[in-house]
Structures are given as structure tokens and as C-alpha cells.
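In: Got a sequence here, can you build the structure:
(2 chains)
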Amino acid sequence: MSDSFSQFAQEFSNWAIPVIFFLILGFGAIKRVRVYEVFVDGAKEGFNVAVKIIPYLVAILVAIGIFRASGAMDGLIAALSPVLQPLGVPPEVLPMALVRPLSGSGSLGVMSEGLKTYGPDSLIGNMLSTMMGSTETTFYVLAVYFGSVAVRRTRHALPAALLGDLAGLTMAVFICNLVFG
Amino acid sequence: MMNWIWLGLVVIGVAAAAFTGSMDAVTKAAFDAAKTAVELCIGLIGIMALWLGMMRVAEEAGLVQLLAKAVRPIMRKLFPDVPPDHPAMGSMLANIAANLLGLGNSATALGLKAMQDLQSLNKGSDAASNAMVIFMAINATAITLVPATVIGLRVAAGSAHPTSIIGTTLISCGTAAVVAVTSAKLLQRTKFYRGEKSHE
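Out: Numbering: from 1, shown residues only, chains lettered A, B, ... in the order given. Model prediction:
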């Protein structure tokens, strides 16, 4: 049953975007919008938006890259692990909790490695999968979104998003212990 | 806050590298990351142009406004500072819908369109508006109905129940979204962050 569902999910993703194109352009044509001219006019901003993000993304990705490669991240994990273990956080999932908000490719790596080592249907495997989906790569999203409009003072965006991450990751550990434990 | 975190990551990283003797790895990581950042942005150009074009057509046809009207009460509660008929409402909605459907890159492109619309209300300031922060809080948690990437990786790892984590994931990211939005709403009232806005 779950197999057919994952097939359905796959099929759904395949259809979604072409159907959206069809609906937008079809609706536009009915409303007598000059679709080609209007599309091109809108699309020409794409380059500027993408290029504007570069300095913001370089800044944050370099800082995170240095932090991870230096061994500081491993040190942090080793220091936190004995504190969190009594609270029901298995030390195996701690790298995921710390990497998730910082790096998308990093957390995907942590997850696939964990699935291989502990098995995808183990408690750890389920917990890693749930944590992966419980939040986005906060620092990346922040850099890209604010960078695209040249906003440098992000005010309370980072604290609010990080509190969300913390809540999501904590809930993932709690609910997985409950459901799969 | 971003200043301190950024400084902390670099300074602590370099100091730690001195202890662990991984200076060469740190140099390489820094240059690799800079290159990756540019590649990510360049990769975004095409899909950004595609969605900006599609959204312009959808706007001219009145499709975005039609969708925005359907969920107006929720959007007004979330974004009281944005006029209900402003294009930002439509593009934020398109972004949230794309996230729910799990359309990764397209959701990002639509989100950036929404940020441009929000910035037009923010008078081009270099400080984030309250609406931007709420919108960010929603995007930083990215609620997806079906976490397709995770399911795909589970299938690849030989899982017998690849979709078993859908329920737990929804509960977790729902919690994250509620906490992030609530924190944003509470923090925007504090003296510290209100002050930062008026310092133009």
C-alpha cells in the first residue's frame, strides 16, 4: 500500500508543474492576455534577482563551510551529546539536528549515511528522515530571500526561524520516540 | 544577530582548525563554498525567469488575485500590514502552495517574487519589514504535504515503509511553522526589534 502511495506521490510531482503551466496560460488566453509578450516581460527580471543573491550566499556558505571543516561542529556535537541523551535524544541524530538548519546538502548527506548505517526502518532511520523534513535549511533560505531584495538588517527573522527549527526538531525526536520507539 | 553568528562561525572555525590541524581543509572548504554559492545562484536564473514570466501572465489574467481572494481571511491575519489586494498576497500564496506541493525550486522562485512585492511596500529599505519576517518564518519551515526527497532516499536505502514518516514529518514541521510564526509575531512587538526598524 505504501508502495503505491509513493508511486502516486511521484506521479503527482510529475504532473503538477505542466498542469500549472497549462492552467496559467489557458486562463490567460481566455482573458485575452497577450501571453507571450507578458511572459517575456516578466521573465527578464530573472537574471537580476539571481545575481543579486550571490554576495549573501557566498558569505553564509563560506562561514558554514569553515565551521564544519575545522572540526568545530564535531566538537559541538561531542559536547552536547551527553547533555541531550538523558532527554531522549539519541547521540546518532545529533549531527542531523545541528547540520539541518545550516546546510541542505550536508543534512542530506547525514541522512543517507544514517539510513545506510542504521537501516531506514529503524528508530534512528525514521527519526533522521522526520528531522530532515521537519524544517528547511534556515540559513540558506534567509540568505537567498533577503539577498534578493538587498535587505541586510534581517531583524527578528533569524531568532524566529531558529526557534521554529528547535521546536520542529524537538517535536521530531519526541514524536518518533512515541510512534516508532 | 546575523552579524554575530556569521562572525562566530568564521572565528570559532579558524580557532578550532588551529587545534585540530585542519587549516588546509578549512581553506578548501571556504573556496569550495564560495564556488557552490555562485553555482547555486546561476542555476537559479533560468527557473527564476520561467516563474517570473508565468506569474506575470497569471497576474494579468487575474488568476493570482482570484486565488488570493479564496484564502483572504487567513492571509489578512498573518500579514495585517499588507493591503489585501496587493500583489504580494498573491505571490506569497503561490509560494506557500508550491511548498505544500513539494515543488522545491519553483517554490523558491515564487518566494523571491513575493519578496520583491513585499519590498515594494517596504520602500526599498535595507531592514526587513514585519511581513517579510513572517513570510520568512513560514518558508524557513517549509511545510510539505509529501516530503518527496526524503521518501526517495528511503526507497533508495531499501526501506520497507518509505512513506511511514509522512505523519511524523507533518506534525514536526507544523509545530515548527506555528512556533516560528508565533515567535515572529511576538518579537516584532519587542522594543529591541521595533527600534531597529525605525532607525532608518
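
In: I figured residue B:187 was touching residue A:161, is that so?
Out: No: using Cβ atoms under 8 Å, residue B:187 is not in contact with residue A:161, being 10.8 Å away. Backbone N, C-alpha and C define where each C-beta goes, glycine included.

In: Output the below-cut-off pLDDT ranges for chain B.
Out: Scanning chain B for pLDDT under 70 picks out B:195-200.

In: I figured residue B:103 was touching residue A:17, is that so?
Out: Yes: using Cβ under 8 Å as the test, residue B:103 is close enough to residue A:17 to be in contact (6.6 Å).

In: ok, these two, which is more surrounded?
Out: A count of neighbours by other Cβ atoms under 10 Å in any protein chain shown puts residue B:103 above the other of residue B:103 and residue A:17, at 21 against 16.

In: if you skip the residues just before and after it, what's nearest to that one?
Out: residue A:16 (6.2 Å; Cβ to Cβ, 6 or more residues apart in numbering or on different chains).

In: Where does the one you found sit: helix, strand or coil?
Out: Secondary structure state of residue A:16, per DSSP: H, G, I helix; E, B strand; the rest coil, is helix.

In: domains of the chain?
Out: You didn't say which chain, so I picked chain A. A:1-44, A:46-179 (automatic domain parsing).

In: you looked at the wrong chain, it should be chain B
Out: Under the assignment automatic domain parsing, the domains of chain B span B:1-48, B:62-198.

In: Could you confirm whether the first one reaches chain A?
Out: It stands for domain B:1-48. Yes: using Cβ under 8 Å from any Cβ of the partner chain, domain B:1-48 reaches chain A at B:1-2, B:5-6, B:9-10, B:12-17, B:19-20, B:22, B:25-26, B:28-30, B:32-34, B:36-38, B:40-42, B:44-46, B:48.

In: For residue B:96, which of the domains of chain A is the nearest?
Out: Ranking the domains of chain A by proximity to residue B:96 (Cβ to Cβ) places domain A:46-179 first, at 12.8 Å.

In: Could you tell me the end-to-end distance of the closest one?
Out: The distance separating the two terminal residues of domain A:46-179, taken as Cα to Cα, to the nearest Å, comes to 44 Å.

In: Show me how far whatever helix or strand residue A:7 lives in is from its chain's centre.
Out: Residue A:7 is part of helix A:2-30, with elements assigned from DSSP states H and E. Distance of helix A:2-30 from its chain centroid, counting by Cα atoms, centre = their mean, to the nearest Å, is 22 Å.

In: residue ranges of the helices in chain A, please?
Out: Assigned helices in chain A, in chain order: A:2-30, A:35-43, A:46-69, A:72-84, A:94-99, A:104-118, A:123-134, A:138-147, A:157-179 (criterion: DSSP state H).

In: Could you count how many residues lie near the closest residue to residue A:149 other than its chain neighbours?
Out: Excluding the flanking residues, the one nearest residue A:149 by Cβ to Cβ, 6+ apart is residue B:119, at 4.0 Å. Neighbour count of residue B:119, defined by other Cβ under 10 Å: 20.

In: Quick one: residues contacting residue B:119.
Out: A:149, A:151, B:132 (Cβ atoms under 8 Å, 6 or more residues apart in numbering or on different chains).

In: Could you identify which of the helices of chain A is most buried?
Out: helix A:123-134 (a mean of 28; mean count of other Cβ atoms under 10 Å in any protein chain shown).

In: Reformat the domains of chain B as CSV; add distance to residue A:44.
Out: Shown next, in CSV, are the domains of chain B (distance: least, Cβ to Cβ, whole Å):
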stretch, distance to residue A:44
domain B:1-48, 11
domain B:62-198, 13
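
In: and the residue of chain A positioned farthest from its centre, what are its phi and psi?
Out: Distance to the chain centre peaks in chain A at residue A:32, reaching 38.8 Å (criterion: Cα atoms, centre = their mean). Torsion angles at residue A:32 (phi, psi; degrees, to the nearest 10) stand at phi 60, psi 40.

In: For it, give me its contacts.
Out: Not one residue lies near residue A:32 by Cβ under 8 Å, 6+ apart.

In: repeat for residue A:118
Out: So residue A:118 contacts A:92, A:124-125, A:128 (Cβ under 8 Å, 6+ apart).

In: Which pLDDT value belongs to the residue nearest the centre of chain A?
Out: Geometric centre of chain A, nearest residue: residue A:136, 2.8 Å, by Cα atoms, centre = their mean. Model confidence at residue A:136, expressed as pLDDT, equals 91.
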